[in-house]
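Peer 1: no sequence for this one, just the structure:
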């Protein structure tokens, strides 16, 4: 099985088919629905950056065989070998996909966490902005919760 891409998609990107004989691309005989054989247009090397439903990403370059494709369908179709190599699970029932790899969780000390978050974030205060009230006689701003997070007191 081979990875497929829509010829209209690669043309819209201004790409050309791979001319290198050393890549030894072999166009397989494709069979579509109803035993039709879709027209092929050569192999194109695409750099893809894909992100699953858990926001895990993967970037790769792969050869794709260009074919005539319905514009309403996906413009890129990964074949079974690629799905298996990248450990991609497809959940058809909920129209989502994910990498089989589980995210790595690392336990760090409070000091290390403070160092990491203070390099990238500035948190001054967290305020309750809105509290829906069932009783109109109660002022929702009367008992506002304010939590100040002070990172300067944490040991370095």
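Peer 2: Ah, there it is. Quick caveat: nothing in here was measured; it's all calculated off a predicted structure.
Peer 1: For the rest of this, base every contact and every neighbour count on C-alpha atoms.
Peer 2: OK.
Peer 1: All the strands of this protein, residue numbers only.
Peer 2: Ranges of strands in the chain, per DSSP state E, are 4-6, 40-51, 57-67, 76-77, 88-91, 96-99, 125-127, 146-148.
Peer 1: if we look at the first one, which residues are touching it?
Peer 2: Strand 4-6 is contacted by residues 64, 65, 66, 67, 68, 69, 75, 76, 77, 78, 79 when judged by CA atoms under 8 Å, 6 or more residues apart in numbering.
Peer 1: Please pull out the lowest mean pLDDT helix or strand from the protein.
Peer 2: strand 146-148 (a mean of 48; mean pLDDT, DSSP states H and E).
Peer 1: coming back round to it: wait, which of the strands of the chain is closest to residue 25?
Peer 2: Comparing those by their distance to residue 25 (CA to CA), the top pick is strand 40-51, with 7.1 Å.
Peer 1: So which elements touch that closest one?
Peer 2: Packed against strand 40-51, as judged by 3 or more CA pairs under 8 Å, 6 or more residues apart in numbering; DSSP states H and E, are the following elements: strand 57-67.
Peer 1: Which of the strands of the chain has the highest mean neighbour count?
Peer 2: strand 4-6 (a mean of 23; mean count of other CA atoms under 10 Å).
Peer 1: can you tell me the average pLDDT over that one?
Peer 2: For strand 4-6, the mean per-residue pLDDT is 90.
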